[in-house]
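Novice: I'd like to go over a predicted model; first the sequence, then the structure.
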Amino acid sequence: MTTHLFEGVYPAMVTPFETDGSIDFDQLQADAQRLEAAGVDGLVPVGSTGESATLSHDEHVEVVEAVIDAVEDVPVIAGTGSNNTREALELSQRAADAGADALLLISPYYNKPEQQGLLEHYRTLADEVDAPQIVYNVPSRTGRNVDPDTAVELASHPNIAAFKAASGDMGQISEIIERTRDEEFAVLSGDDGMTLPMLSAGADGCVSVVANVEPERTCAMVGAALSGDYEFARDLHHELGELTRRLFVETNPIPIKEAMHIRGHGTPYLRSPLTRLSEPHREALEAELDRLAEADIEGDYAEVER
């Protein structure tokens, strides 16, 4: 049986800010420790959810270092992608030198490279930086899809260890899983609402936004599915359904920042041009978080072997 380096739940961490817009490193480290204690399989700072687009390169590295320093026994996967191969290479090397265990690399955005350009971009990074790397496909943000043929070709590189799938195209994702089953190459959901369907097709886990506020339920759902208990996994999938929809009513990470604030994990502030969750959505989000907090499900979690 082929083994995969990545399996389970990897929260896409937010970057907490003080009221003046500076990074709240104490809250960041508290979040990392809380998530590790909840049983996640790794942490993903400075991705899209971590507002990487508005952090300087030095801040990228400082956030990665702070998360590494905060945790004891979970891998840290640093977001280091760029639409510029040279810039992605610099960020990736700096994160690896800082001690990151792996790298999450969003496909080049805005300039819309052809598939050959995507291949050369990822191969350059994988050749130059000796760390496990995850190809991240989210065409709704980047404007360009990483086609299945490209993903399959990249899977043979020894430093390219996984594919984060957030295209929303289940047929395409299933094809990538099918064609890489014999490779040491994991496929992770990058879309919380599609995590369970992807697991049923053979995916290995998820990079999750929901897990920032519901790490135990997310871990239990993924763990149940990976162990074959789809009845329990479906129950948790539906239990998290309303929250998942609430966390994407506006651009990510706007709602999750508000949810973290409601749960007492920092401020709801974001860096411009992102803005705080609009008033009409806050009350419904708080009500759903309260409903989940009041639910008694401890016994169910204890039954899941991960």
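Specialist: Sure, I can see it. Numbers count the residues shown, from 1 in each chain.
Novice: could you use CA atoms for every contact and neighbour count after this?
Specialist: OK.
Novice: any idea of the mean pLDDT in the longest helix seen in the chain?
Specialist: For the chain, the helix with the greatest residue count under DSSP state H is helix 279-294. Averaged across helix 279-294, pLDDT comes to 96.
Novice: thought Asp31 was touching Asp24, still the case?
Specialist: No - with contacts counted by Cα atoms under 8 Å, Asp24 stays clear of Asp31, the gap being 10.8 Å.
Novice: between the two, who's got more neighbours?
Specialist: Legend: neighbour count by other Cα atoms under 10 Å for Asp24 and Asp31, higher for Asp31 (24 against 16).
Novice: quick one: the more buried one and Gly266 touch, right?
Specialist: No - using Cα under 8 Å, Asp31 makes no contact with Gly266, being 9.1 Å away.
Novice: check which residues of the helix or strand encompassing His237 are buried.
Specialist: Assigned by DSSP states H and E, His237 belongs to helix 230-239. Residues of helix 230-239 classed as buried: Tyr230, Phe232, Ala233, Arg234, Leu236, His237 (neighbour count, 16 or more other Cα atoms under 10 Å).
Novice: out of those residues, which is nearest to Ala38?
Specialist: Leu236 (16.2 Å; Cα to Cα).
Novice: report the buried residues of stretch 170-179.
Specialist: For stretch 170-179, using 16+ other Cα under 10 Å, the buried residues are Ile173, Ser174, Ile176, Ile177.
Novice: if you average the pLDDT over that stretch, what comes out?
Specialist: 98.
Novice: with stretch 191-203 instead?
Specialist: Per-residue scores along stretch 191-203 average to 98.
Novice: distance between the ends of it?
Specialist: 12 Å (Cα to Cα, to the nearest Å).
Novice: and stretch 94-103, how far out from the chain's middle?
Specialist: 16 Å (Cα atoms, centre = their mean, to the nearest Å).
Novice: on the three-state scheme, the residue most central in space within the chain is what?
Specialist: The residue lying closest to the centre of the chain (Cα atoms, centre = their mean) is Val207, at 3.0 Å. State at Val207, reduced to three classes by DSSP: H, G, I helix; E, B strand; the rest coil: strand.
Novice: in this structure it contacts Ala186, no?
Specialist: No - using Cα under 8 Å, Val207 makes no contact with Ala186, being 11.9 Å away.
Novice: pull the number of nearby residues for Leu91.
Specialist: 22.
Novice: low-scoring pLDDT stretches of this protein, where are they?
Specialist: Low-confidence segments of the chain (pLDDT under 70): 1-2, 296-306.
Novice: do a quick rundown of the strands in it.
Specialist: In the chain, strands defined by DSSP state E lie at 8-11, 77-79, 102-106, 133-137, 160-165, 186-189, 205-208, listed in chain order.
Novice: the last one: partners in the sheet, and parallel or antiparallel?
Specialist: Looking at strand 205-208 with DSSP bridges, its paired strands and their directions are strand 8-11 (parallel), strand 186-189 (parallel).
Novice: report the backbone C-alpha coordinates of it in CSV.
Specialist: Output in CSV follows, covering the C-alpha atoms of strand 205-208 (Å, rounded to 0.1, in the frame of the first residue of the first chain):
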residue,chain,number,x,y,z
GLY,A,205,-7.6,14.8,4.6
CYS,A,206,-8.1,18.5,4.4
VAL,A,207,-6.6,22.0,4.8
SER,A,208,-9.5,23.4,6.7
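Novice: now find how far off-centre it is within its chain.
Specialist: 6 Å.
Novice: same thing with the first one?
Specialist: When C-alpha coordinates are averaged (Cα atoms, centre = their mean), strand 8-11 and its chain have centres 7 Å apart.
Novice: run through who's touching it.
Specialist: Strand 8-11 has contacts (Cα atoms under 8 Å, 6 or more residues apart in numbering) with 35, 40-44, 204-212, 215, 218-219, 222-223.
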